[in-house]
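In: Quick one: sequence and predicted model below, then my questions.
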Amino acid sequence: MSISLYILGSLVNGNSHPYKMKREFLDLVPGVKISEGKFYYNLESLVKKGYIEAVESVHIENRPNKTIYSITNEGKEHLEQEIYNSFKKSTTIKELYVAIYLMKFIDPIKASVFLEESIQREKKRWNQYKEAAQNIEEFNKHHEVLDEKTKQSVRFITEYAFSQSDLNIQWMEKLLKLLKHY
């Protein structure tokens with residue numbers, strides 16, 4: 001999940017100040033915690049790259065100034081490309097939260113092509129793991145130094161990982177359907 005991506009997408013909808021953007025980001029992505037430093041680092045990085053710019057400083061008596069930011073044309077172009085890159089590179093739905101939220105800024109059919117490729121890569125990768133895990137001789141060979149209780153623990157972890165990968169792929173396929181009908 002990309003804080004920078006969210007900041008850019010947030011500013012496409014209108015100028016804003018960092019505190020408001022951070023609060024909205026935390027409301028959007030349940031269970032995520034972000035330090036002030038990390039948020040402001042991403043904000044400053046976008047300023048340095050010319051993707052956003054300060055447009056106003058609002059002074060309220062007895063309070064620090066609020067800097068209002070706006071997205072630049074370069075930032076809008078970068079936003080679109082980064083959303084597509086998210087669909088190309090991400091392997092879990094959680095990594096795609098912000099890109100999903102910002103889908104209205106891209107061509108969903110183009111994104112669906114990228115997502116379909118990601119799904120196929122994930123399926124291939126997990127099928128290779130499953131084939132290796134189902135080979136009991138190979139499993140025992142890799143874990144021969146482990147006692148029986150530890151082997152049971154490893155099997156439990158492996159089973160959990162496979163079930164999570166299956167669930168993630170199911171959700172990625174649901175997202176693919178959403179993109180194709182968006």
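Out: Sure thing, it's come through.

In: just checking, next helix/strand downstream of the worst-scoring helix or strand of the chain on mean pLDDT?
Out: In the chain, no helix or strand scores lower on mean pLDDT, DSSP states H and E than helix 136-142, which sits at a mean of 64. Going down the chain from helix 136-142, the next helix or strand is helix 148-180, by DSSP states H and E.

In: which other helices and strands contact that following helix?
Out: helix 108-134 (3 or more C-beta pairs under 8 Å, 6 or more residues apart in numbering; DSSP states H and E). (Glycine included, C-beta is placed from N, CA and C.)

In: could you give the mean pLDDT of the helix it packs on?
Out: Throughout helix 108-134, pLDDT has a mean value of 89.

In: Could you break the chain into its assigned domains?
Out: The chain resolves into domains spanning 3-103, 107-180 when parsed by automatic domain parsing.

In: Where among the ones you listed is average confidence lowest?
Out: Of all the domains of the chain, domain 107-180 has the smallest average pLDDT, which comes to a mean of 86.

In: need the contact list for residue 43.
Out: 7, 18, 21, 52, 69 (C-beta atoms under 8 Å, 6 or more residues apart in numbering).

In: Dihedrals phi and psi, it?
Out: Dihedral pair for residue 43: phi -60, psi -50, per degrees, to the nearest 10.

In: try residue 57
Out: Per-residue torsions, residue 57: phi -120, psi 120 (degrees, to the nearest 10).

In: ok, the residue lying closest to it once chain neighbours are set aside to residue 54 distance?
Out: The shortest distance from residue 57 to any non-neighbouring residue, by C-beta to C-beta, 6 or more residues apart in numbering, is to residue 65 (4.9 Å). Using C-beta to C-beta, to the nearest Å, residue 65 is found at 10 Å from residue 54.

In: what's the closest of the contacts of residue 43 to residue 171?
Out: residue 7 (25.4 Å; C-beta to C-beta).

In: how close does the closest one sit to residue 84?
Out: Applying C-beta to C-beta, the value for residue 7 to residue 84 is 18 Å.
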